[in-house]
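# sequence plus the predicted model coming up.
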Amino acid sequence: MIRKENIYKFFSSPIFAILVIFLLINIFFIVKAPDSFFQLKNYVNILRQSATIILVASAATILMMTGNIDLSTGSVVAFSAVIYALCVKSGLSLIVGGAIAIICGIIVGIINGVLVTKFNFPPFIATLGTMYVCRGIALILAKGTTVRDDMPLQIFYLAEKSFLSIPIYIWIVIITLVVFIFIEKKTLLGKYSLAIGGNKNAAIFSGINTGIIILAIYIVVGIAASFAGIMTASRLGAGDPRGAYGFEFDVILAILLGGTKLSGGKGSVFGTFIGAVIVTILGNGLSMLNILIFWQNILKGVMFIFIIVLYEKVLKNIGNKSLISLKS
Amino acid sequence: MNTKIGLRQIDQKIVLGGIVVVIIIVMSFLSPKFLEVNNFVNILLQISPLVIIASAANLLMISGNFDLSVGGVYAFCAILHAFITKRGVPIAAAIIIACIFAIIWGILNGVMVGVLNVNPVIATISTMYSASGFAYLIARWDGGANIAAGLPSNFSAFGRTNVFGVIPIIILIMIIFVVIFIIVERKTVLGRYSFAIGGNRQAAKLSGINIPGVIVALYAIVGLLAGLTGVIQVSRVGSAFPNFGEGLEFDVLIAIVLGGTSIIGGEGTIFGMLIGASIVGLVANGLNLMNVPYFYQTVTKGLILVIAVLINQLIRNRKRA
Amino acid sequence: MGEINSDVIISIDELHKQYEGVHALKGVTFNIKSNSIHCIIGENGSGKSTLIKILSGALDRTRGDIKFEGKLFNPRNIRDARNQGVVALYQELNIVDDLTVEENFTLGREKNTLGIIRKNSDLNKFEDIMKSLSESISLKTDVRDLSTAQKQIIEITKAISEDCKILIMDEPTASLSEEETSYIFQVVKKLKEKGITIIYISHKLREVFEIGDYVTVLRDGQMIQTKNVNEIKKECKGVIVDAYNELVRMMLGKFVVETYIPSETDFTQKIIEAKNIKNKRLKDVSFDLFKGEILGFYGLIGSGKTEVARVLYGIDSYDGEVSVKGRKVTYKNIRGALKTGIAMIPEERRADGIFGELALKSNIPMMKINSILKNGFLNRLKENILADKYIKKLGIAARNRDQKVAFLSGGNQQKVVISKCLNCESDILLMDEPTRGVDVGAKREIHEIVRDFVKQGKGAIVFSSELPEILHLCDRMVIMHEGKAISIIKNSRQLDADKITKIIASGGVVNYDS
């Protein structure tokens, strides 16, 4: 009896849905572009390209589990990329430059967290504000252009080196997944985030300090985003203040695809991982088919709606129905 | 709204009015060109699209919702208009067609938010992506990144008209719509229902108000105005770029919030929005005159948004206490 | 020297609670014996929930003392009360659906190293507790998949595991089935066996007799009586109806019934005919409403009165047949109900009735906006005239017609809501607790308004938990009890109020061997 229930549950869960979607997308591109798509090299490339979004989206998944969002991630990526590039350019070591960039990410995270928890800002407004401010500061620091000239070659380090013959970016993906799935399932931070999003009152009654938890997670997202900025600067060898436009929405899309609800509660870092890969594949595959990036944007718009309707309205009913018929 | 103007609302408007005066004084010191008549006309031209769209978006926010897709719809209609007039469609018909599409985008938003109960952030962002994507596509189909060449000779006639020989048409349209929305807010069923829904949604439901209907209507109107404004502006400028109106939704949001309209709905006035839009416009203009690079404006706007909401929250808390 | 009664675990002495001009508790004094099941009953406004909130640490008291195990008890907050062993369980369950049973148990108290959760070796403790209460529920189950009763078991288990001495249960069986209710009763009895004191709040009187040891009746913020349940049974010689009646009488109190004034009802013309209404909350309700009649629905809280109103107004779905003015109705929403000629004044005026931030004059036309339209636009003159009309007709006391409704008193807010409905010019008016929280003067005025309304050959249904109101106003009354319409009585000047309470008393009594 129990096993049957679990099987029904799996099939009606968002994880299953997204695995199916993932499979279908792969099949689509394999058919359409067999020579270029279905290559190990391509898949490795996809994983590398999705590294930044996987990193930020994993952190943002925990945030969304509390029922909050962060629209400033893209701007923080750009902001941090610019700072990192400027630091390296002026001769600071990679580590020091990186540290400074991450500190900036922490500051943004603190601002977001305080606005939301202490001043009761709706999260979308608070992070919209920081999004604009960060973007603006990035442009100011970069004086309106990409920070590229006279850039020491070591900036490419992170993007090009490998460790044990696995590219560092792939390591970052692996570590990110391990760390955040661990946080999600085995730490207080993860469990409390779920509780806050699932039943805030119950969390408060259990003695959980919801303000601190939410603040902490905004800071973690800030760190992830700033690190992603470092990665981006590494890859391009430059700090582009205009980069990562729309990144925050790709992140949200990946999270929603992965089955985490916008309203909070149950979430899945693993689902987000698949979602992030799907988002990247769509970009990668569609480019291979010479489909204009604009179709991709339209597709993203449609997907947002499709996912919400699918997961929250359709799947919920399917899941409920099967369980009801099993209960005696 | 025929409500007696509460003490709080007077407070905020006085504060805002004061801010406007301060800005004008400061700017006039910082730049000699600021006080010229020409400059004020420029400011009006700058904020006209913003004010037109914000008049409708203000009512939308009063009902407790918002629209982040206006920039995308604006660009889409601008490009569409250019595209089809280039291919021989008469100007008047092209304007109408573009407006129809604008309404369709609006209805799409309205259905998602009002009927399917999708979160307004997600719903309108997705529309923004779609509309913006199509804008870029249409430009591509035309053969380039934007549509600048090959437009009919009377393309700019509409946008560059000066009514009575003096008033640029967009400013006139702005005035017309502000007046229209003052009336809508205070004297129409739609306005009254918006306040009701934003003020107490449950009571609105129990009073028999068709909540989905009102929401769809509001979004459709905002969409229409976004598209119409796009058409006028593209005609005025003379060529169409798909990134037209980028960041417009943000300016609209700031103008409305700065003007005292509550994010959760139920209160707000057009006059507040006008002051908010003026502040946005004055700041932008002033910075331009001082040759400050545009990205400082981005930072300033972000700060203004945060401060405006902060003030609103603090006032509301003081009132409740 | 005072005698130390080691039997008494909580003693409440002259407890007062005042807030916002409402005197919720007026010197409540009684004792709760250790290891007993102590029931607290009372109607709306009796002070029940305020008392519970103070005991559980959610509210501060204004005056008076509470002693817990002989020592002064003054918890700073809910956590503090919990730590001292007083736990309250409410209807809105404080568990997280997205977590498993085991995760809920350990929420807030996880064994961890620097935030990394460690395996909890204490889980046996929880399983043991669950087993001793009822069946054991697998720790790995998602709470989402449990039934309401099971979720309550989880909450109870969690409370006990934290060494609670006093468990306050607020309407635990409100949304449970018969089966689940018996199940909870078993659990409560086992809790008593463990030495825990249970304070049990319920509006289902028969539960008092089924599991209660003591019962305290509250009314209007005062403690009316605290009695040993067995004594009540003895006094009534085992006739349970009489015992029940005793309780109801204590809860409602002695009241002066103003003479009933009959309306001119035309008993040959039905405006509403309702047959076999059934849904989640209603078991089988049938009734008629005649032209010119004021029909009353009376029952204690939870009897299903409001649910009938919601069905008629198109809010809730139902099985059964409803005909209005001879025609079967098909509407499924509020707009449909309004179109069919039914308007409703909701129970909670602040949440569902008024637009607080709007002016008085803007509230009134809201349900029929075209009453102030001229040429398609809202006409200020018409709006003002309409507002003045109702201000005069209903005697609404406000500074002027522009005043925000949020600033009006409860009675006047209610008058605004009534004006809103009257303005619809509907044929049928539904009024849910029309004079709750309204002063005597306004009460009388509102009753007159209802009488006026039906004089025009219309019909009104008053849903009320105030018996005097029903007896004074209604021509016939439907007595509701736990979702069923158990009796329909014709009103007359000779009607004895006691008869009504007896009917309710006999409506759901469980048979007892005395």
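Sure, I can see it.
# make it CA atoms for all contacts and neighbour counts henceforth
Fine.
# other SSEs contacting the host helix or strand of residue C:504?
Using DSSP states H and E, the element containing residue C:504 is helix C:497-507. Using 3 or more CA pairs under 8 Å, 6 or more residues apart in numbering or on different chains; DSSP states H and E as the contact definition, the elements that helix C:497-507 packs against are helix C:240-252, strand C:476-481.
# ok, residues contacting it?
Among residues not part of helix C:497-507, those counted as contacts by CA atoms under 8 Å, 6 or more residues apart in numbering or on different chains are C:241-242, C:244-245, C:248-249, C:299, C:471, C:479-481, C:486-487.
# which of these sits closest to chain A?
Using CA to the nearest CA, residue C:481 is the member of the contacts of helix C:497-507 that lies nearest chain A, at 29.3 Å.
# surely that closest one meets residue C:301?
No: at 9.0 Å, residue C:481 and residue C:301 do not qualify as touching, with contact defined as CA atoms under 8 Å.
# what parts of chain A come near chain C?
Proximity of chain A to chain C is confined to A:186-189, A:192, A:194-195, A:198-199, A:201-203, A:205-208, A:265-266 under the rule CA under 8 Å from any CA of the partner chain.
# go with 7 Å
Residues of chain A lying close to chain C by CA under 7 Å from any CA of the partner chain are A:186-188, A:195, A:198-199, A:201-202, A:206-208, A:265-266.
# returning to what we had before: what's the least confident stretch among the helices and strands packed on helix C:497-507?
Per-segment confidence across the helices and strands packed on helix C:497-507 bottoms out at helix C:240-252, which has a mean of 75 in mean pLDDT.
# quick one: buried residues of whichever helix or strand comes after that helix?
The first helix or strand that comes after helix C:240-252 along the chain, using DSSP H and E, is strand C:266-278. Of the residues in strand C:266-278, those scored as buried under the neighbour-count criterion (16 or more other CA atoms under 10 Å in any protein chain shown) are C:270-278.
# list the contacts for whichever residue of the stretch 51-200 of chain A sits closest to chain C?
Relative to chain C, the nearest point of the stretch 51-200 of chain A is residue A:187 (4.3 Å; CA to the nearest CA). With contacts defined as CA atoms under 7 Å, 6 or more residues apart in numbering or on different chains, the neighbours of residue A:187 are C:115-117.
# skipping its backbone neighbours, what lies nearest it in space?
Spatial nearest neighbour of residue A:187, excluding adjacent residues (CA to CA, 6 or more residues apart in numbering or on different chains): residue C:116 at 4.3 Å.
# quick one, what contacts that neighbour?
When contacts are counted by CA under 7 Å, 6+ apart, residue C:116 is found next to A:186-188.
# want to throw those residues into TSV with pLDDT and secondary structure?
Listed next are the contacts of residue C:116 as TSV, based on pLDDT from 0 to 100; DSSP: H, G, I helix; E, B strand; the rest coil:
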residue	pLDDT	secondary structure
A:186	89	helix
A:187	90	strand
A:188	91	helix
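# between those, which is closest to chain B?
Nearest to chain B among the contacts of residue C:116: residue A:188, at 28.9 Å, using CA to the nearest CA.
# hang on, that closest one packs against residue C:114?
No: between residue A:188 and residue C:114 there is no contact, the gap being 9.0 Å when judged by CA atoms under 7 Å.
# more neighbours, those two?
When neighbours are counted by other CA atoms under 10 Å in any protein chain shown, residue A:188 comes out ahead of the other of residue A:188 and residue C:114, with 25 against 8.
# OK, contacts around that one?
Contact criterion CA under 7 Å, 6+ apart gives C:115-117 as the residues in contact with residue A:188.
# residue C:365 now?
Taking CA under 7 Å, 6+ apart as the contact definition, residue C:365 lies against C:371-372, C:420, C:423.
# now it: how far from residue A:161?
The gap separating residue C:365 from residue A:161 is 72 Å, by CA to CA, to the nearest Å.
# is it possible to get JSON lines of the contacts of residue A:188 that adds secondary structure and pLDDT?
Compiled in JSON lines, those are given as follows (DSSP: H, G, I helix; E, B strand; the rest coil; pLDDT from 0 to 100):
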{"residue": "C:115", "secondary structure": "coil", "pLDDT": "80"}
{"residue": "C:116", "secondary structure": "strand", "pLDDT": "86"}
{"residue": "C:117", "secondary structure": "strand", "pLDDT": "85"}
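# which pLDDT does the model give the residue nearest to residue B:294 when sequence neighbours are not counted?
Nearest residue to residue B:294, sequence neighbours excluded (CA to CA, 6+ apart): residue B:288, at 7.4 Å. The pLDDT attached to residue B:288 in the predicted structure is 80.
# check the one 4 residues further on too.
In the prediction, the pLDDT value recorded for residue B:292 is 80.
# that one looks like it's in a strand, true?
No: if the criterion is DSSP: H, G, I helix; E, B strand; the rest coil, then residue B:292 is coil and not within a strand.
# list the contacts for the residue of chain C found nearest chain B?
In chain C, the residue found nearest to chain B is residue C:352; the distance is 4.2 Å by CA to the nearest CA. By CA under 7 Å, 6+ apart, the contact set of residue C:352 is B:202-203, B:206, C:346.
# same thing but 6 Å
Residues in contact with residue C:352, defined by CA atoms under 6 Å, 6 or more residues apart in numbering or on different chains, are B:202-203.
# quick one: it is in a strand?
No: using three-state DSSP, the secondary structure at residue C:352 is helix, not a strand.
# what sits closest to residue C:243 if chain neighbours are left out?
According to CA to CA, 6+ apart, the nearest residue to residue C:243 is residue C:236 (5.6 Å).
# quickly find the element holding the closest residue in space to residue A:103 that isn't next to it in sequence.
The shortest distance from residue A:103 to any residue that is not its chain neighbour, by CA to CA, 6+ apart, is 7.7 Å, and that residue is residue A:223. Under DSSP H and E, the secondary-structure element containing residue A:223 is helix A:210-236.
# following that helix, which helix or strand shows up next?
Elements were assigned by DSSP H and E; along the chain past helix A:210-236, the next helix or strand is helix A:247-257.
# show me where the chain dips below the pLDDT cut-off.
I went with chain A, as the question did not name one. By pLDDT under 70, the low-scoring segments of chain A are A:1-5, A:288-292, A:312-328.
# wait, I meant chain B there
Applying pLDDT under 70 to chain B flags the ranges B:1-13, B:318-321.
# all strands of it, in order?
If you assign secondary structure with DSSP state E, the strands in chain B sit at B:162-163, B:167-168.
# and the stretch 101-250 of chain A, by the same measure?
Ranges of strands within the stretch 101-250 of chain A are A:162-163, A:166-167, based on DSSP state E, counting those that start in this stretch.
# what's opposite the residue nearest to residue A:187 in the beta bridge?
In this structure, residue C:116 has beta-bridge partners residue A:187, residue C:113, where bridges are defined by DSSP bridges.
# just want the most central residue of the chain.
Assuming you mean chain A. With distances taken as CA atoms, centre = their mean, the residue of chain A nearest its centroid is residue A:57 (1.5 Å).
# try chain C instead
With CA atoms, centre = their mean applied to chain C, the nearest residue to centre is residue C:301, 4.5 Å.
# now that residue. Nearest residue, chain neighbours left out?
Taking CA to CA, 6+ apart as the measure, residue C:301 lies nearest to residue C:203, with 6.6 Å between them; neighbours along the chain are not counted.
# how near is the one you found to residue C:46?
Counting by CA to CA, the gap from residue C:203 to residue C:46 is 12 Å.
# tell me the secondary structure of the residue in the stretch 251-400 of chain C that chain A sits nearest to, please.
Taking CA to the nearest CA as the measure, the point where the stretch 251-400 of chain C comes nearest chain A is residue C:280, at 16.7 Å. Secondary structure state of residue C:280, per three-state DSSP, is coil.
# that one: how many residues sit nearby?
Residues near residue C:280, counting by other CA under 10 Å: 12.
# tell me how many other residues surround residue A:44.
By the measure other CA under 10 Å, the count of residues near residue A:44 is 13.
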